[in-house]
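**Q** Got a sequence here, can you build the structure:
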Amino acid sequence: MKALLTAASVALSLMASSALADQIVDTSKVNQDLITTKDDKKYTIATVVKVDGIAWFDRMRDGVEQFKADTGHDVWMVGPSQADAAAQVQIIENLIAQGVDAIAVVPFSVEAVEPVLKKARERGIVVISHEASNLTNTDYDLEAFDNLAYGANLMKELGKYTGGKGKYVTTVGSLTSKSQMEWIDGAVAYQKEHFPDMEMVGDRLETYDDAATDYTKLKEAMTAYPDITGILGAPMPTSAGAGRLIAEGGLKDKVFFAGTGLPSVAGEYLANGDIQYIQFWDPAVAGYAMNILAVAALEGKGDQIKAGLNLGLAGYESLTAPEADRPNLLYGAGWVGVTAENMDQYDF
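**A** Have a look, this model is predicted:
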């Protein structure tokens, strides 16, 4: 009997270890109180992203699907096939008609989704947003970090490679993406203070979260300003678009890049030295975190959703609410910086 119990214990231990190994998001310290529901009630929660089918939101889907597996709630992720504000609005309209309990949204255009999210909330649907620090019609907006600091760090890295001199160009997925615009604001402010011999040329390039568009618009910028030595990209696909442009144009060690990216998208260009630095937060964790807040809000736990809240997820252990007049605007802390030297530590 003792041998059987020991064997059973070992088997259970192995099963637990395997389950943890299969987890995308480390939930070993997750705040269970936030996701515990009365009478084990299950909710329907849709996560609506800017665009489906790109690596960034593929990774977010992993987090959403893990939340479903962990909790049993009926949750899923959906988004337009191309970055299109009208298409995203229509998706939300459809979800309202379906009568979902909550919508977690990463808006392509904050202005475009304001009316439809107002409608959702009037129908009693909880709204949780991400990358939308200026969104009004949301119950809670959850940002991974302070946006200005994120952008400043990108410029700090880019300036290292350009020697603090030369012209550079910037990209955003959308000119109405408040978070990405703030990243560039932070980068430019840091440049003006610390790298006065650098200069941003042209307007911020709007690339619609599409690497091919990044490539085309950056190529046009390089034609207009052939002495550009730096590219700072806010949207994740710019890392691939810039890498391709630099590789094909023989611009390695002449034009340098720092921006948002993922190793799975930009790894080839990092390894080859075409681009130098990518920065990111884990969208899987962000997706999981948004769904935690959705359940907590649906359960009437708003008194807990405030500064100091620990979600029990990496980067979201102590949320801050720096704007006194907007206590529902919450920030996590932490991003990851990756170069060719440490890219092998990340498998997404």
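**Q** Just give me the residue right at the centre of this protein.
**A** Nearest to the mean C-alpha position of the chain, by Cα atoms, centre = their mean, lies P283 at 4.8 Å.
**Q** need the contact list for the closest residue in space to that one that isn't next to it in sequence.
**A** Computed as Cβ to Cβ, 6 or more residues apart in numbering, the closest residue to P283 that is not its neighbour in sequence is M60, at 3.9 Å. All C-beta spots, glycine's among them, are computed from the backbone N, C-alpha and C. By Cβ atoms under 8 Å, 6 or more residues apart in numbering, the residues touching M60 are T47, V49, M77, V106, P283, A284, A286, G287.
**Q** between those residues, which is nearest L95?
**A** Nearest to L95 out of those is T47 (Cβ to Cβ; 10.3 Å).
**Q** Helices along the stretch 51-200 of the chain, start to end?
**A** Assigned by DSSP state H, counting those that start in this stretch, the helices in the stretch 51-200 of the chain fall at 55-71, 85-98, 110-122, 147-162, 178-194.
**Q** now those helices as CSV including mean pLDDT and distance to A296?
**A** Converted to CSV, these look like this (pLDDT from 0 to 100; distance: least, Cβ to Cβ, whole Å):
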stretch, mean pLDDT, distance to A296
helix 55-71, 97, 12
helix 85-98, 98, 20
helix 110-122, 98, 16
helix 147-162, 97, 24
helix 178-194, 96, 22
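**Q** Let me have those in a markdown table, extended by distance to D33.
**A** Output for the helices of the stretch 51-200 of the chain, formatted as a markdown table (distance: least, Cβ to Cβ, whole Å):
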| stretch | distance to D33 |
| --- | --- |
| helix 55-71 | 13 |
| helix 85-98 | 27 |
| helix 110-122 | 25 |
| helix 147-162 | 29 |
| helix 178-194 | 29 |
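**Q** For N31, find the nearest of those helices.
**A** That would be helix 55-71 among the helices of the stretch 51-200 of the chain, by Cβ to Cβ, at 12.5 Å.
**Q** Only the buried residues of the closest one, if you could.
**A** By 16 or more other Cβ atoms under 10 Å, the buried positions in helix 55-71 come out as 55-68, 71.
**Q** Could you do stretch 314-329 as well?
**A** Neighbour count says stretch 314-329 has A314, G315, Y316, L319, T320, A321, N328, L329 buried, by 16+ other Cβ under 10 Å.
**Q** what does stretch 142-158 give?
**A** Buried-residue list, stretch 142-158, by 16+ other Cβ under 10 Å: 142-148, 150-158.
**Q** Now the two most distant members of these.
**A** Between any two of these (Cβ to Cβ), the greatest distance is 27.4 Å, for L142 and L158.
**Q** G312 reaches I35, doesn't it?
**A** No. Counting by Cβ atoms under 8 Å, G312 sits too far from I35 to count as a contact (9.7 Å).
**Q** So these two - more neighbours on which side?
**A** Higher neighbour count among G312 and I35: I35, with 22 against 19, using other Cβ atoms under 10 Å.
**Q** which strands and helices sit next to the strand or helix carrying R244?
**A** In the assignment (DSSP states H and E), R244 maps to helix 238-248. Applying 3 or more Cβ pairs under 8 Å, 6 or more residues apart in numbering; DSSP states H and E, one finds that helix 238-248 contacts helix 211-224, strand 228-233, strand 256-260, helix 263-272.
**Q** That helix to helix 263-272, inter-axis angle?
**A** Going by axes from the mean of the first three to the mean of the last three Cα atoms, to 10 degrees, helix 238-248 is angled at 30 degrees with respect to helix 263-272.
**Q** contacting residues around helix 238-248?
**A** Contacts to helix 238-248, defined as Cβ under 8 Å, 6+ apart, come from residues 171, 207, 211-215, 218-219, 222, 231, 233, 251-252, 255, 257, 259-262, 265-266, 268-270, 272, 274-275, 278.
**Q** Just the buried residues of those residues.
**A** Buried, going by 16+ other Cβ under 10 Å: 171, 207, 211, 213-215, 218, 222, 231, 233, 251, 255, 257, 259-262, 265-266, 269-270, 274-275, 278, out of the contacts of helix 238-248.
**Q** about what we covered before: what's the average pLDDT for the helix holding R244?
**A** Averaging pLDDT along helix 238-248 gives 98.
**Q** Can I get that helix in CSV, CA atoms only?
**A** Extracted as CSV, the C-alpha positions of helix 238-248 are listed here (Å, rounded to 0.1, in the frame of the first residue of the first chain):
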residue,chain,number,x,y,z
THR,A,238,8.0,47.7,-37.6
SER,A,239,10.8,45.5,-36.3
ALA,A,240,10.3,43.1,-39.2
GLY,A,241,9.6,45.8,-41.8
ALA,A,242,12.7,47.8,-40.7
GLY,A,243,14.8,44.6,-40.5
ARG,A,244,13.9,43.7,-44.1
LEU,A,245,14.6,47.2,-45.4
ILE,A,246,18.0,47.3,-43.7
ALA,A,247,18.9,43.8,-44.9
GLU,A,248,17.8,44.3,-48.5
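**Q** starting at the chain centroid, how far to that helix?
**A** Helix 238-248 sits 21 Å away from the centroid of its parent chain (Cα atoms, centre = their mean, to the nearest Å).
**Q** cool, and stretch 251-271?
**A** For stretch 251-271, the distance to the chain centre is 18 Å (Cα atoms, centre = their mean).
**Q** end to end, how far does it reach?
**A** In stretch 251-271, first residue to last residue: 15 Å (Cα to Cα, to the nearest Å).
**Q** Since that was my last question, I'll sign off now.
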